[in-house]
Each structure stands twice: as structure tokens, then as C-alpha cells.
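> sequence and predicted structure below; questions after.
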Amino acid sequence: MEIIKFVAHSKKVISIAQKYGWYPGARYTNLRDVKTFQFCSEGFLDINWKSYDFEMHLAAAAKVEPRITIARDVECIHSLDGIIREAEELLRHSTHVAIVPKDVLLNGRLQELIPKEFMLAYSVPTKYGGTKVTVESFDRPVHLLGGRPDVQRSLADVMKVFSIDCNRFTLDARYGDYFDGRRFIPHPMGGYEQCLTASIENINQLWTDYSVHPDVKALIGGPV
């Protein structure tokens, strides 16, 4: 059994990734590029966390019924109750809902404060964002949000990873670079599609030795 991999990008990227076992993803603000893909019960519905609109998110979830969607980021512990109420509504339309803890006051308290029916999402640190909540606090199956593929894989050694979304490699592919399993380097032949394909193949290879946790197997639906 493998973890679930999503990419939220163009039709071209999603089409290539699907050949390697990945699933489509999209922000709730842009469902255009996933219209031609099987999304219901398979897709990943991401959010616009810098300018979040719950009603728009809920409407999109009701329309596409994703496999997993992300609740509003918990940037302040005092907003947690409201975010849980929103997550409960989202759960009516999504197989799984993940809550993103970011306030350091949540350290060591996720089991106590976040109901078990919700997964957690870890915002992999990048220059665009991240979380200071310790990885040790994440007590249940986790979705890894963005970041470098090698960093995602290293986090999986200390987390119960259910799924990832990754599109970092699409940015590098625009400049003729690909992920070789350790770093991004120029592709020997170049070409956008060649870079995409090589990166996806090497990201898949990173996860071949990953032992999926029994808690994750139970959620994915395979034998524990």
C-alpha cells in the first residue's frame, strides 16, 4: 500500500501525474483545470489560506465531493472552535477533512483539542509559509501540504503520512530543472514535459520504501 499523492496544477501536469498514480488537486477558487478529470471521491480540494472564504469553499466541496479537503488554518488557538464547526460542515461533502494547526499554543495539545474525526495537515515550511507546531504534536494521519519532495519524505519518518500534495517540481520544470531524488538540477535533455516526468518518477521512487502506518491503512481502506 502507498500513500496518496496529489498535484494541483494545469491539465497537462495532472494528466502526466495520473499516469504515475497521482490524483488531481485544485483550489476551491479554481476548479476549471479539473473539469475533465474524475474528482469526486478522488480529488484534493485545497484552500486559498491568505484570503479564505468559507462559503465559497463549502460550495465547491458540495459540488466536487473530494476525497480530502483542508479546513481554514488555525493561526490563533482562539479561532479553533469556529474552524472545527466549519470542518464539520465540510465533512458532509468530503471523505476526509484535515485541520492545519499553526499556533504554537497548540503544541502537545492536538489530541486534546481536535476531534478524532478530523485528520491533520502539516504545512511544510517554505518561504511562503509553514507551521511552528512541533512534528511530535501530530498524533494521527497527516496530509503534507506543499514544500520540497525530499523534505516531505523526511517528515514521513516521524509522522503517519496519509497523503501529500506537491507542485514544487512544476516551478523548476519551467527552467529546465528536475528533481533527481535529492535535489533540483538541470535535465540532461531539457524540455518541460521531460522535467515533469522525471521529477514525478523520482518522487515516486522516494516513497517506495515507506512503511505505511496501520492507522493510515485503515483510512485508505486496505488491510491493516
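Cool, got the structure.

> what about the closest residue in space to Arg183 that isn't next to it in sequence, which helix or strand?
Nearest residue to Arg183, sequence neighbours excluded (C-beta to C-beta, 6 or more residues apart in numbering): Asp150, at 7.5 Å. C-beta here means a position set from N, CA and C on the backbone, and glycine is covered the same way. Using DSSP states H and E, Asp150 sits within helix 149-155.

> Ala218: neighbouring residues, count only.
The criterion is other C-beta atoms under 10 Å. On that basis, Ala218 has 12 neighbouring residues.

> same deal with Asp46?
23.

> I'd say the residue nearest to Arg183 and Leu206 touch.
Yes - assessed by C-beta atoms under 8 Å, Asp150 is found in contact with Leu206 at 7.2 Å.

> joint contacts of these two?
Common neighbours of Asp150 and Leu206, using C-beta atoms under 8 Å, 6 or more residues apart in numbering, are Gly181.

> what's the longest helix in the chain?
helix 192-206 (DSSP state H).

> and it, what does it pack onto?
Where contact means 3 or more C-beta pairs under 8 Å, 6 or more residues apart in numbering; DSSP states H and E, helix 192-206 is packed against helix 11-18, helix 149-155, helix 168-173, strand 177-179.

> contacts for that helix, please.
5, 12-13, 16-17, 20-22, 149-150, 153, 166, 169-170, 172-174, 176-181, 187.

> and if we set it to 6 Å?
Around helix 192-206, the neighbours that count as contacts under C-beta atoms under 6 Å, 6 or more residues apart in numbering are Ile16, Ala17, Tyr20, Pro149, Arg153, Phe169, Ala173, Tyr178, Phe179, Asp180, Gly181, His187.
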